[in-house]
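Q: here is a sequence with its predicted model. Questions after.
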Amino acid sequence: MRGFWRGIAIFMLGGLLGTGFGVALGFFLFPYVFPPPPAVEQLTEADRSERVATGTFIHANPSDPIHYGSGKVSVYRNAVYLEPDFAVGPGPAYHVYLVPKANVRDEAAVKDAMVVDLGRLRAFQGSQRYPIPAGVDLKNYPSVVIWCERFGVLISPADLTPGS
């Protein structure tokens with residue numbers, strides 16, 4: 001009888017561990033298997049008239065084939081606009097940050113900085129608009145980055161060039 005209960009306990013433990021592993025794997029793989037459609041957001045006329053800076057997202061670590069980004073970003077007085085050619089590799093919990101450091105190329109530059117979180121990335125490709133909170137002095141933020149909050153990983157930085 002003792003072997004029977006031991007077998008049941010092992011079966012239950014295996015079921016719990018298997019379910020936990022399956023759920024965790026599902027959360028990680030879901031954005032790769034079922035990515036959201038490309039975004040097609042537009043700027044308002046008020047945004048378009050006051051462009052402050054532009055930049056291009058780059059692949060910060062070419063030896064990392066999973067975390068990459070490309071495309072242009074425009075910063076307006078009231079919004080950050082990811083242009084229609086924007087694209088990043090899929091993943092969980094990506095956010096758009098304004099970073100008070102130039103030439104961001106690794107995680108340490110973001111982790112040690114007082115960033116402005118503009119919100120969660122809504123799509124892995126396409127145009128997207130993110131409002132800038134009132135009181136943010138854009139002269140103090142020479143970079144826009146895509147950051148994975150779940151794992152603390154730099155996905156793609158963009159160095160900003162002032163002016164149109």
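A: Structure received.
Q: any stretches of this structure with poor pLDDT?
A: Under the criterion pLDDT under 70, the flagged ranges of the chain are 23-39, 46, 48, 164.
Q: grab the nearest non-local neighbour of the spatially most central residue of the chain.
A: The centre of the chain sits closest to Tyr94, judged by Cα atoms, centre = their mean, with a distance of 2.7 Å. Computed as Cβ to Cβ, 6 or more residues apart in numbering, the closest residue to Tyr94 that is not its neighbour in sequence is Leu121, at 3.9 Å. Any C-beta I mention is one placed from the backbone N, CA and C, and that applies to glycine too.
Q: relative to Phe151, how far out is the one you found?
A: 14 Å (Cβ to Cβ, to the nearest Å).
Q: same question for Pro142.
A: 25 Å.
Q: between those two, point out the one with more neighbours.
A: More crowded of Pro142 and Phe151, by other Cβ atoms under 10 Å: Pro142, with 20 against 13.
Q: can you name the element that comes right after the strand or helix carrying Val96?
A: Element membership of Val96 [criterion: DSSP states H and E] is strand 94-99. Following strand 94-99 in sequence order, the next helix or strand is helix 107-111 (DSSP H and E).
Q: and that following helix, which residues are buried?
A: For helix 107-111, burial by neighbour count (16 or more other Cβ atoms under 10 Å) applies to Glu107, Ala109, Val110.
Q: and for stretch 80-94?
A: So, applying 16+ other Cβ under 10 Å, buried residues of stretch 80-94: Val80, Tyr81, Leu82, Pro84, Phe86, Ala87, Val88, Gly89, Pro90, Gly91, Tyr94.
Q: from the residues you listed, which single one is nearest Arg51?
A: Tyr81 (8.8 Å; Cβ to Cβ).
Q: and for stretch 96-114, what are the contacting residues?
A: With Cβ atoms under 8 Å, 6 or more residues apart in numbering as the test, stretch 96-114 has contacts from 60-61, 80, 82, 115-121, 128, 130, 132, 136, 138, 140-147, 152-154, 157, 159.
Q: what about 6 Å?
A: Applying Cβ atoms under 6 Å, 6 or more residues apart in numbering, the contact partners of stretch 96-114 are 60, 115-118, 121, 130, 140-143, 145, 147, 154, 157.
Q: quick one: end-to-end length of it, please.
A: Chord length of stretch 96-114, first to last residue, is 14 Å (Cα to Cα, to the nearest Å).
Q: same deal with stretch 124-136?
A: 26 Å.
Q: list the buried residues for that stretch?
A: Phe124, Gln125, Gly126, Ser127, Gln128, Arg129, Tyr130, Ile132.
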